[in-house]
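Enquirer: structure for the following, please:
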Amino acid sequence: MAEGGEREELLSPSPVSPAKRLCSWPSPQAHHSRGSPGAASGGVGGVGGSCLAPGARPHLQPESLLDCAAKTVAEKWAYERVEERFERIPEPVQRRIVYWSFPRNEREICMYSSFQYRGGPGAAAAGGAAGALPAEEGPPPPPGAAAPTSSAPGAAVAGASPGLGTAAGAAGSGGEALPFRRGIRLLDSGSVENVLQVGFHLSGTVTEPATTSEPAVTYKVAISFDRCKITSVTCGCGNKDIFYCAHVVALSLYRIRKPEQVKLRLPISETLFQMNRDQLQKFIQYLITAHHTEVLPTAQKLADEILSSNSEINQVNGAPDPTAGASIDDENCWHLDEEQVKEQVKLFLSQGGYYGSGKQLNSMFAKVREMLRMRDSNGARMLTLITEQFMADPRLTLWRQQGTSMTDKCRQLWDELGALWVCIILNPHCKLEEKSCWLQQLQRWSDLDVCPLEDGNYGHELPNITNALPQNASHSPDSLSRPRRTVFTRAIEGRELHWQDSHLQRIISSDIYTAPACQQESERLLFNSQGQPLWLEHVPTACARVDALRSHGYPKEALRLTVAIINTLRLQQQRQLEIYKHQKKELLQRGTTTITNLEGWVGHPLDPIGCLFLTLTEACRLNDDGYLEVSDMNESRPPVYQHVPMATGCPNSHESYLSLALEVALMGMGQQRVMPEGLYAQDKVCRNEEQLLSRLQELQLDDELVQTLQKQCILLLEGGPFSGLGEVIHRESVPMHTFAKYLFSALLPHDPDLSYKLALRAMRLPVLESSTSTGDTSHPHHMVSVVPSRYPRWFTLGHLESQQCELASTMLTAAKGDTLRLRTILEAIQKHIHSSSLIFKLAQDAFKIATPTDSSTDSTLLNVALELGLQVMRMTLSTLNWRRREMVRWLVTCATEVGVRALVSILQSWYTLFTPTEATSIVAATAVSHTTILRLSLDYPQREELASCARTLALQCAMKDPQSCALSALTLCEKDHIAFEAAYQIAIDAATGGMTHSQLFTIARYMELRGYPLRAFKLASLAMSHLNLAYNQDTHPAINDVLWACALSHSLGKNELAALIPLVVKSVHCATVLSDILRRCTVTAPGLAGIPGRRSSGKLMSTDKAPLRQLLDATINAYINTTHSRLTHISPRHYGEFIEFLSKARETFLLPQDGHLQFAQFIDNLKQIYKGKKKLMLLVRERFG
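Expert: Below is the predicted model:
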């Protein structure tokens, strides 16, 4: 009792709680007339305590008048109101009212014990708590009126409800941990016992079965309820969550499924009143004895107060009864643990989108929508709690201070929050005071500095080009005013919207509402030519009304308004087409248009097109009505739709809601609209379009839908400036590539000509194109690249260009084998795609499709791939591209696949496609390679033709860039003497110019390898004259070339060596390199290369005679200079290395006859000059004396 008392006190906002309203007692005479004393504790045949009425009825037997009345009273009236209204209430009537006051629908229990329950189109509105609005009962009530009810007899009891638990099992293993599923298992396993209903209070025990690690545990559960709603719950498990625990679920389902097994008693105050004084004293004393440790202090305190005539308790008539139901003034709503809602939202926000927190918050938003759909007042209450935590998010202040943007995931959550508030403000059955209270709260949130702006971080910088919800005649789209628009602004702007318009009421109340026979002038605008009603309102605003109806459990009304909106859009489309036909000639001559749709429907904060589409498709779903949609399920069943004929007053209409859904989606996505400003707004346009297309792809296109698709595509192509696929569009209109890709794929099997026409029209990307004649950037024709327009406005341009590429690739794949179509597609690609990387990707795609591994090559598509590759080469020839080498190699491969003529062509026109280096090292080398000859099975004339073209190319490249191409030219020309000589002469001529020593050494080595040692020597001599090797460059990469050149000259003979040594002495100043050359020249005799006409003397050369004497002197001088240079900045850790260097120097000094004296003098000079370096000089003395 203490536990239950604490719980009720926690949930009670006022001193008098719904479960403990004051119950006064009448006079004994009045009470006696209400029934015999024994009736309260028993019944007919000893079963009177059960909930089942005496004599159970067969299933088809109609309900008694008593039950019909009791059900309605139990749902609508507080029990206190019944007591006040009627002086005498017979006990059987009391029992039936108490019996029917418990919730009757498992759907509601499921809603409060799992993240999302999803039923069919009408399932969510069919709950017993509020009832559904039948189609024939008229429009939604005006604000302040009560919602109508509809409860089928017998449907709320056990006969229909158990199916939900069975159907919920289809949710799969992902939902097994949900409290609702666990509660069903506990109920089915017989874990619920000791169930007792005392008035409006249900209690029982639920036992959790033992596991391998835990023993069985029994929990006491108590539930208070009123007017078919659970108003408070208490469970011994101490559950801390938004949702009811499994034990509360089990007890609730037990009461719904097995009412005949529940003992029922009237409120305890009724039972107490039947007792005399002795019975009351005995009752109290036994109660205190049974629970003396818990209630004795409270009992004594109450006794003292009652005995005191001046106590507060004696000033009140009656006493509280926790089982007597709620007071008239108490709010009638389901129990919702507000603190847990706050804590959960705060936790999810603190996780910043990680650990699935974004998914959890979206599930909470879905729960709000579900509550709204069930007409549950907790929907707005829960959204208020969520919004308070969102506004208290510390990251808002941080982002504002740092000037950084919020994350995309967080931004999307805020968008959904704003859309939900619009939905709540437009609630068709809310009271005026409720709406006023919500609006005040929204205004307070909106006025805060940290409140996020509607258009992301750019909202405060944008002109207000978006129409507000209430149409304002004075509003100008061109206005320069930039009001601050927050995520709540649209909801606040909905304050002026109402549902009292008579035309609107007739639209949503009847399927057969048509134009009257005799129309007044003002009524003609309200209907189309077929007499169907129109709803002339700002489209997003009208769609917001649809969303409000749909979200608040009025699916039929939402459907009717949707049809009226679509009829209005159709009429607008027809009128726009007529306007364009009159202006077509002028617009085509100008080649430009001014944007007409300042507000795009795709990417709009209210998602008008998505709302209409969902409303229509939900009416056509074939999926089972009842199942749990679990947030962590791995798989979800795709929806299945059927055609449902449109309910209309026009007898000639044969349309279905499914075809209407397709039509409105096509109209919305085909609308020409200006690209919004800001990264988030632009990203939202792309994301919303992809969401709509994913829903469209769920539709199975049959003949009726294909006809709708064809008709709408033709209208879009002919729609002029009002259509994104019209002939003339604004430079900054949103591209249609993604949309056109869907249309192309969907239409292709049914109408290829239309599909290609539409896709080719959609290929354009005007923001990157302008007129070459006038420079007017609004002209979509005569297109050239306009690079500055990319930034900073179009943040998603990269994504849009990739979608353009995807559309082109899709067309190329489909047109395989069709020469005419492929040529048309190729022209469109070359005209409209401005990214070399994307064109290269298209070329690769075309190549893969044209050369499948399991079938023959498609030559037409292969030529398209080659054409695209050639365009890429031209586009990237003068610009830097890190993939350029890959592109060149791929082009040669593609040309090889096409054939020898393609190879000859690229060799002959190389200067427009390749750099000289690419042409010689990659293109020509690959074209004349053995692999290519085998691949193409070339005959001798073809090989010669290729080789001749390659030689011509090589010589041209060598002339243009000898530094990079001379060696490649020599290689390509080596089989043709004349060409080879010409290439060699080019290299010689360039050697005195800009060629480096490394390039010349490389060519020289090649010449020696090909058997031209004298030519190699000449080139090596030229290379040596370009070289300069400093004293400390003993690891220079050219050292090997120098040693090779000296070895070459030595092998050619004394004369060549004598010619090279002066060049070496002039260019090389590194002592160790010179000494190495000197040593190599003295090891063997010169002239051993075997040059014809020359004889070797066979004698070793002396260092005392020319030419080695000059080299020796240079080497000794180099050692002396290097020694002084090293000693200038030497440190003690390098002393040992320096002594080894002097040892090498001594070897060179000792080569001439007077070398000992020179070296000794050299050492003495060092000692004199560097005598300050005592430690170093001591080491020198120890080694050299």
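Enquirer: tell me the bridge partners for the spatially closest residue to Q700 that is not a sequence neighbour.
Expert: Leaving aside its sequence neighbours, Q700 sits nearest to Y641 (C-beta to C-beta, 6 or more residues apart in numbering; 7.4 Å). All C-beta atoms are positioned from the backbone trio N, CA, C, and that covers glycine. Listed by DSSP bridges, the beta-bridge partners for Y641 are R621.
Enquirer: burial of Y641, as a residue count?
Expert: By the criterion of other C-beta atoms under 10 Å, Y641 has 21 neighbours.
Enquirer: just want the most central residue of the chain.
Expert: R687 (7.0 Å; C-alpha atoms, centre = their mean).
Enquirer: residue contacts, it?
Expert: By C-beta atoms under 8 Å, 6 or more residues apart in numbering, the residues touching R687 are G603.
Enquirer: and it, what's its pLDDT?
Expert: What the model reports for R687 is a pLDDT of 93.
Enquirer: what about it, which helix or strand?
Expert: Taking DSSP states H and E as the criterion, R687 maps to helix 679-696.
Enquirer: chain center to whichever helix or strand comes after that helix: distance?
Expert: Per DSSP H and E, the first helix or strand lying C-terminal to helix 679-696 is helix 703-718. Centroid displacement of helix 703-718 relative to its chain, using C-alpha atoms, centre = their mean, to the nearest Å, is 30 Å.
Enquirer: the helices in the stretch 351-500 of the chain, which residues?
Expert: Counting by DSSP state H, counting those that start in this stretch, the stretch 351-500 of the chain has helices at residues 357-373, 378-391, 394-402, 408-425, 432-447, 489-493.
Enquirer: tell me how many other residues crowd A982.
Expert: 19.
Enquirer: right, I mislabeled it, should have said T1123
Expert: 20.
Enquirer: contact partners for it?
Expert: So T1123 contacts F1141, L1142, A1145, L1166 (C-beta under 8 Å, 6+ apart).
Enquirer: same check on L559?
Expert: Contacts of L559 (C-beta under 8 Å, 6+ apart): T615, L616, A619, Y657.
Enquirer: from C333, how far off is the closest residue in space to the second one that isn't next to it in sequence?
Expert: Read it as L616. Nearest residue to L616 in three dimensions, chain neighbours excluded: A661, at 3.7 Å (C-beta to C-beta, 6+ apart). A661 sits 35 Å away from C333, going by C-beta to C-beta, to the nearest Å.
Enquirer: next: M275.
Expert: 35 Å.
Enquirer: compare those two (neighbour count), which wins?
Expert: Using other C-beta under 10 Å, the more surrounded residue of M275 and C333 is C333, with 18 against 13.
Enquirer: pretty sure the more buried one sits against R381.
Expert: Yes. Between C333 and R381 a contact is recorded at 7.2 Å, counting by C-beta atoms under 8 Å.
Enquirer: so what's the residue nearest to G994 when sequence neighbours are not counted up against?
Expert: Spatial nearest neighbour of G994, excluding adjacent residues (C-beta to C-beta, 6+ apart): Q963 at 5.8 Å. When contacts are counted by C-beta under 8 Å, 6+ apart, Q963 touches A990, G994, M995, T996, Q999.
Enquirer: let's see it at 7 Å
Expert: Each residue near Q963 by C-beta atoms under 7 Å, 6 or more residues apart in numbering is listed here: A990, G994, M995, Q999.
Enquirer: now the residues you listed in a markdown table, with pLDDT and secondary structure?
Expert: Converted to a markdown table, these look like this (pLDDT from 0 to 100; DSSP: H, G, I helix; E, B strand; the rest coil):
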| residue | pLDDT | secondary structure |
| --- | --- | --- |
| A990 | 90 | helix |
| G994 | 77 | coil |
| M995 | 87 | coil |
| Q999 | 92 | helix |
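Enquirer: scan those residues and report the most crowded one.
Expert: M995 (23 neighbours).
Enquirer: what angle do the longest helix anywhere in the chain and helix 703-718 make?
Expert: Counting by DSSP state H, the longest helix found in the chain is helix 555-590. Helix 555-590 and helix 703-718 meet at an angle of 40 degrees, taking axes from the mean of the first three to the mean of the last three C-alpha atoms, to 10 degrees as the criterion.
Enquirer: any idea of the angle helix 555-590 forms with helix 357-373?
Expert: Relative orientation of helix 555-590 versus helix 357-373 (the same axes, to 10 degrees): 120 degrees.
Enquirer: now helix 555-590: average pLDDT?
Expert: Per-residue scores along helix 555-590 average to 89.
Enquirer: centre of the chain to that helix, how far?
Expert: Worked out by C-alpha atoms, centre = their mean, helix 555-590 lies 32 Å from the chain centre.
Enquirer: buried residues in it?
Expert: Of all the residues in helix 555-590, those buried under the rule 16 or more other C-beta atoms under 10 Å are 555-571, 573, 576-577, 580, 584, 587.
Enquirer: ok, now stretch 699-718?
Expert: In stretch 699-718, the ones that count as buried by 16+ other C-beta under 10 Å are L699, L701, L705, V706, T708, L709, Q710, Q712, C713, L715, L716, L717.
Enquirer: repeat that for stretch 246-262.
Expert: Those would be 246-259, 262, for stretch 246-262 by 16+ other C-beta under 10 Å.
Enquirer: dump the C-alpha coordinates for it into CSV.
Expert: Coordinates of each C-alpha in stretch 246-262 appear next as CSV, following Å, rounded to 0.1, in the frame of the first residue of the first chain:
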residue,chain,number,x,y,z
ALA,A,246,5.6,-6.4,-19.2
HIS,A,247,3.9,-7.1,-15.9
VAL,A,248,1.4,-4.2,-16.4
VAL,A,249,0.9,-5.4,-19.9
ALA,A,250,0.2,-9.0,-18.7
LEU,A,251,-2.3,-7.8,-16.1
SER,A,252,-4.1,-5.5,-18.6
LEU,A,253,-4.4,-8.1,-21.2
TYR,A,254,-5.7,-10.6,-18.6
ARG,A,255,-8.5,-8.2,-17.8
ILE,A,256,-9.3,-7.6,-21.6
ARG,A,257,-9.0,-11.3,-22.6
LYS,A,258,-10.4,-13.0,-19.6
PRO,A,259,-12.9,-10.6,-18.0
GLU,A,260,-15.1,-13.5,-16.7
GLN,A,261,-12.2,-14.7,-14.5
VAL,A,262,-11.7,-11.3,-12.8
